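1. Next come a sequence and a model predicted from it.
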Amino acid sequence: MINNQNKVAVIFGVRNDSSIAWDVALKLHHSGCRVALSYMADTREEVLYLMRSSGMDTSYAMEVDIRNELQITEFLQAVHTNMGPIDYLLHGVAFGSQDVMCYSIPGSDEPAPLYINIPFDDFMDAFNISAYSLLRVARVAEPLLTKNASILTLTYNASQRVFPPYAGMAICKAALENIMIYLASYFRDKKVRVNAISAGLVMTTSAGGINGVRTLRKIGKFTAPLGNIEAGDVGDAALYYFSSLSKRVTGNIHFVDGGFNIMGLGVDGE
């Protein structure tokens, strides 16, 4: 077991118990970390319930809109003042409207929005939340981090390949990965490492509302050499980055997708 006794971890991106960010938070807690979670207004009760039921201290959990730098500052400064310098930070936040992601809703007769018609304002909001927010969080966190701290974000292989129901969000993930590698270089003097996990398709609450996701899971079951993944597989990998085991690893995109990313063709499971 990795020993993170008395380390301080901050997690952005928990919505409910199906969130990848929640599995990461839980594993950090079990490894000895003191964990602070942000939440949105509509997820407050769920997040606080999860924390309490798992034995986490909710004192410094706080509502944070990832687009609001003042709210991020208030949250991280409260953590720093009351819990100490921040060792680990997870950026697990993403959002894109249906018009940005170009998906149809299961059971609906409405066709999926067209990629070429992605609304600019909707896209910029998705970019702000899903990509630029990593830069914003890193900027606020910089003076509050320990030396050798670790920042981790979550990405998806749609940044590299075409997944039609992901569409405009794929642009955000490509930008997120680029922001990550530039931050890895930026933080060199402080020895803060910045990495990303590219997770396979996990059936989160958000994913379940996208038409075609279950088909992708079926394809992944046979195509990925090790099959589909679960949130816990990502949490296991995250624990490596949130430990001294990764002290010389930065700017890395770590695939946790059963090997799906190496395949050039789908494999017929019939």
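-> Yes, it's here.

2. what's the burial count for Asn3?
-> Using other Cβ atoms under 10 Å, Asn3 is surrounded by 10 other residues. Quick note: C-beta positions are derived from backbone N, CA and C, even for glycine.

3. Next, the contact list for it, please.
-> Contact partners of Asn3, counting by Cβ atoms under 8 Å, 6 or more residues apart in numbering, are 31-32.

4. what secondary structure does it sit in?
-> Three-state assignment for Asn3 (DSSP: H, G, I helix; E, B strand; the rest coil): coil.

5. Next, find the distance separating the most centrally placed residue in the chain from Leu134.
-> Nearest to the mean C-alpha position of the chain, counting by Cα atoms, centre = their mean, stands Gly92 at 2.3 Å. For Gly92, the distance to Leu134 equals 10 Å [Cβ to Cβ, to the nearest Å].

6. shared neighbours of these two, anything?
-> Common neighbours of Gly92 and Leu134 (Cβ under 8 Å, 6+ apart) are Thr153.

7. returning to what we had before: leaving out the residues flanking it, which one is nearest to the residue nearest to the centre of the chain?
-> Leaving out its chain neighbours, the residue that sits closest to Gly92 by Cβ to Cβ, 6 or more residues apart in numbering is Gly13, at 2.8 Å.

8. ok so, going back, quick check, the residue nearest to the centre of the chain in contact with Ala25.
-> No. Assessed by Cβ atoms under 8 Å, Gly92 is found out of contact with Ala25, at 9.1 Å.

9. hmm, back to that, could you list every residue that touches the residue nearest to Gly92?
-> So Gly13 contacts 19-21, 38, 90-94, 154 (Cβ under 8 Å, 6+ apart).

10. Then Ala78?
-> Residues near Ala78 by Cβ under 8 Å, 6+ apart: 60, 62.

11. what helix or strand does it sit in?
-> For Ala78, the enclosing helix or strand under DSSP states H and E is helix 69-83.
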